[in-house]
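# Sharing a model prediction with you, sequence too.
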Amino acid sequence: MTDLGKRAGRRLRELREARGIQQTDLIEPLGVSQSFLSRIENEKAPASYALVERAAEYFGVSPAYFYSDEVEPVVVGRKTIHTDASGRATSCPECGDNRYDEQARYCLMCGHPLYNFCIGEERHVNKPEARYCGTCGRRTFWSLTAEERESLEVPDDVRSSRKTEAPVGKR
Ligand SMILES: [Zn+2]
Ligand SMILES: [Zn+2]
């Protein structure tokens, strides 16, 4: 139970940071002091189930989320995108294809970025839920609607529906 409690603390920190929330914002909803929250997040003290339940309610996820290593799916526009720990979509956000290899950065079927790249030439990889690039401030590809994609200056190699990498395996 202790290990699970500590994992829950780590997951709590990841989720809090992903949502851009400060520790101090959680003191009241979770009913803990900041120093104790800090100990939990740093896996120095296990999170109790009661605390996990409050955190689950606050973040709108199930308590099981804190005990698993799954990555919370992000909702971008009308899409729900599931990603792995690196932030890569586990299936193409555009066409749903999931037969790509470990190195793929774009969907082999439709050319959609599998990471939430910014639309700048540098192609910074951003957190899945980011709307603006944390490095250069440009919009992120996943946050664009189809209309925005058409009207914004999006480089061809991050524009959807183009094949930008040769398929690795033949179907
Ligand atoms: Zn695709
Ligand atoms: Zn950028």
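All right, it came through fine. Numbering: from 1, shown residues only. Ligands and ions are numbered 1, 2, ... in the order given.
# What strands flank the worst-scoring helix or strand of the chain on mean pLDDT, and is each parallel or antiparallel?
Every helix and strand of the chain was ranked by mean pLDDT, DSSP states H and E. The lowest is strand 74-76, at a mean of 73. Here strand 74-76 has these sheet partners by DSSP bridges: strand 79-81 (antiparallel).
# Give me the buried positions along the strand it pairs with.
Buried residues in strand 79-81, counted by 16 or more other Cβ atoms under 10 Å: I81. Placement of C-beta: from N, CA and C, glycine included.
# Past it, which element shows up next along the chain?
Later in the chain than strand 79-81, the nearest helix or strand by DSSP states H and E is strand 116-117.
# Adjacent strands (with direction) for that following strand?
So strand 116-117, judged by DSSP bridges, has these partners: strand 125-126 (antiparallel).
# Which residue ranges make up each domain of the protein?
As assigned by automatic domain parsing, the chain contains the domains 2-67, 71-171.
# Work out the gap between the first one and the centre of the chain.
Using Cα atoms, centre = their mean, to the nearest Å, we find the averaged C-alpha position of domain 2-67 to lie 18 Å away from the chain's own average C-alpha position.
# Which residue, other than its chain neighbours, is closest to the residue sitting nearest the centre point of the chain?
For the chain, the residue nearest the mean C-alpha position is P128 (3.7 Å; Cα atoms, centre = their mean). Excluding the flanking residues, the one nearest P128 by Cβ to Cβ, 6 or more residues apart in numbering is V74, at 4.2 Å.
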